[in-house]
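K.L.:
sequence first, predicted coordinates after that:
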Amino acid sequence: MKCLRYPNLVLRLCIFSTLPLFVRMHHSGLTKIIYCTMTYNTTDPTLTDDEKQLLKALLSDDHELSAYGESRRLFLKQLIAAGGALVAFQLLGDQSLFASVTDAPYKDIPENIEHAVNVSFMVNGTKKSVTVDARMTLLDTLRERLQLTGSKKGCDHGQCGACTVIVNNKRVLSCLTLAATCGGKSVQTIEGFARNGVLHPVQAAFLKHDGFQCGFCTPGQICSGIALMSEVKNGEASYVTTDLRTVHKNIQLTDDEIRERMSGNICRCGAYANIVAAVKEVLSGKDVAQYWPLIPAINEKTVFNPEQHSNKLQP
């Protein structure tokens with residue numbers, strides 16, 4: 001039969017010819033059947049009469065499977081070898097066959113790289129040296145070459161802030177920053193802020209105040225929040241700073257200042273009020289009341305009455 005003209009017949013042959021063999025594998029042993037099939041040994045004394053007949057039928061050269069003269073024996077040899085490998089992987093599935101893959105050194109230099117440059121820099125306190133295309137961005141280097149996927153690729157145009165990382169204590173948009181320009185510099189990503197299982201204060205504040213929903217923009221938001229604290233300590237002004245002559249170190253930021261300084265990070269879920277509260281709590285060092293958008297300001301003197309506000313909650 002011709003496989004190009006009768007593909008369904010080949011498929012049926014694959015199914016029906018291997019099914020009895022795998023049944024025999026379960027009872028007679030996987031190694032013995034595969035070995036006898038691959039070596040054309042139909043006279044093995046350990047085989048039963050039924051198994052010998054089965055192997056003779058499978059290894060028959062009476063028919064060709066394709067217009068290219070491929071014999072049935074060769075086809076079944078390849079098919080059984082592949083099927084045997086699959087069965088072996090399934091039987092050994094509980095073993096840690098690939099446990100060492102993540103520990104193996106990552107291949108640094110891809111094949112056929114163009115305009116290659118070597119970049120050595122510190123990433124989260126660890127020295128890294130990678131060979132990249134001179135046009136490769138820092139974001140792609142972190143995600144694809146160093147496997148640090150916390151920094152997200154959102155707009156890829158420097159407009160959403162999801163890719164924000166910290167380079168030499170300054171926040172940058174890694175999708176617009178060439179990796180080749182970061183040689184000798186220190187890069188911090190979201191993966192490097194926690195220490196010994198303890199979250200950075202900004203990370204903890206985001207959790208406390210629900211400063212996220214889907215979480216896609218959160219790594220960039222947190223990086224901006226951490227960099228913002230350094231800007232405040234250095235006395236760096238923003239667009240809404242009223243009097244530049246009075247700017248000094250350790251600025252006490254208002255909510256408007258925080259919103260302006262975090263405006264480069266877009267949250268499509270709209271968790272802005274919670275993000276401001278989280279950043280404000282870390283900057284001030286004082287607890288900030290959690291924000292509840294459907295409930296007016298609640299404090300020790302105010303008790304929420306559902307009946308009083310039921311009309312406001314209805315559309």
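P.N.:
All right, it came through fine.
K.L.:
helices along the stretch 201-315 of the chain, start to end?
P.N.:
Ranges of helices in the stretch 201-315 of the chain, per DSSP state H, counting those that start in this stretch, are 201-208, 218-233, 255-261, 272-284, 306-313.
K.L.:
those helices: which one's closest to Met122?
P.N.:
helix 218-233 (15.9 Å; Cβ to Cβ). (Each C-beta comes from the backbone N, C-alpha and C, glycine too.)
K.L.:
quick one on the thing from earlier: using JSON lines, please lay out the helices of the stretch 201-315 of the chain together with mean pLDDT, mean neighbour count and distance to Glu51.
P.N.:
Below are these laid out as JSON lines (pLDDT from 0 to 100; neighbours: other Cβ atoms under 10 Å; distance: least, Cβ to Cβ, whole Å):
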{"stretch": "helix 201-208", "mean pLDDT": "94", "mean neighbour count": "19", "distance to Glu51": "63"}
{"stretch": "helix 218-233", "mean pLDDT": "93", "mean neighbour count": "22", "distance to Glu51": "59"}
{"stretch": "helix 255-261", "mean pLDDT": "91", "mean neighbour count": "18", "distance to Glu51": "77"}
{"stretch": "helix 272-284", "mean pLDDT": "92", "mean neighbour count": "22", "distance to Glu51": "69"}
{"stretch": "helix 306-313", "mean pLDDT": "44", "mean neighbour count": "9", "distance to Glu51": "75"}
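K.L.:
minimum distance to His115: which of those has it?
P.N.:
Ranking the helices of the stretch 201-315 of the chain by their distance to His115 (criterion: Cβ to Cβ) puts helix 218-233 first, at 28.1 Å.
K.L.:
and the angle for the closest one with helix 272-284?
P.N.:
40 degrees (axes from the mean of the first three to the mean of the last three Cα atoms, to 10 degrees).
K.L.:
re earlier: reformat the helices of the stretch 201-315 of the chain as CSV; add distance to Leu146.
P.N.:
CSV is the format used below for the helices of the stretch 201-315 of the chain (distance: least, Cβ to Cβ, whole Å):
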stretch, distance to Leu146
helix 201-208, 21
helix 218-233, 15
helix 255-261, 28
helix 272-284, 27
helix 306-313, 48
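K.L.:
for the nearest residue to Cys269 once chain neighbours are set aside, the count of nearby residues, please.
P.N.:
Residue nearest to Cys269 in three dimensions, not counting chain neighbours: Gln213, with 3.6 Å by Cβ to Cβ, 6 or more residues apart in numbering. Gln213 has 14 neighbours, counted by other Cβ atoms under 10 Å.
K.L.:
same question, the one 3 residues further on
P.N.:
The local packing count at Phe216 equals 16, with neighbours defined by other Cβ under 10 Å.
K.L.:
neighbours of the nearest residue to it once chain neighbours are set aside, just the number please.
P.N.:
Once flanking residues are discounted, Phe216 sits nearest to Lys152: 5.7 Å by Cβ to Cβ, 6+ apart. Close neighbours of Lys152, defined as other Cβ under 10 Å, add up to 21.
K.L.:
wait, Lys152 sits on Ile222?
P.N.:
No - the criterion here is Cβ atoms under 8 Å, and Lys152 misses it with Ile222 at 11.7 Å.
K.L.:
show me what contacts the residue nearest to Phe216?
P.N.:
162-163, 216-217, 219-220 (Cβ atoms under 8 Å, 6 or more residues apart in numbering).
K.L.:
nearest spatial neighbour of Gly161, chain-adjacent residues omitted?
P.N.:
Asn265 (3.5 Å).
K.L.:
how about Met136?
P.N.:
Ala179 (5.2 Å).
K.L.:
roughly how far apart are that neighbour and Ile190?
P.N.:
18 Å (Cβ to Cβ, to the nearest Å).
K.L.:
again, but for Arg261
P.N.:
Distance from Arg261 to Ile190, by Cβ to Cβ: 19 Å.
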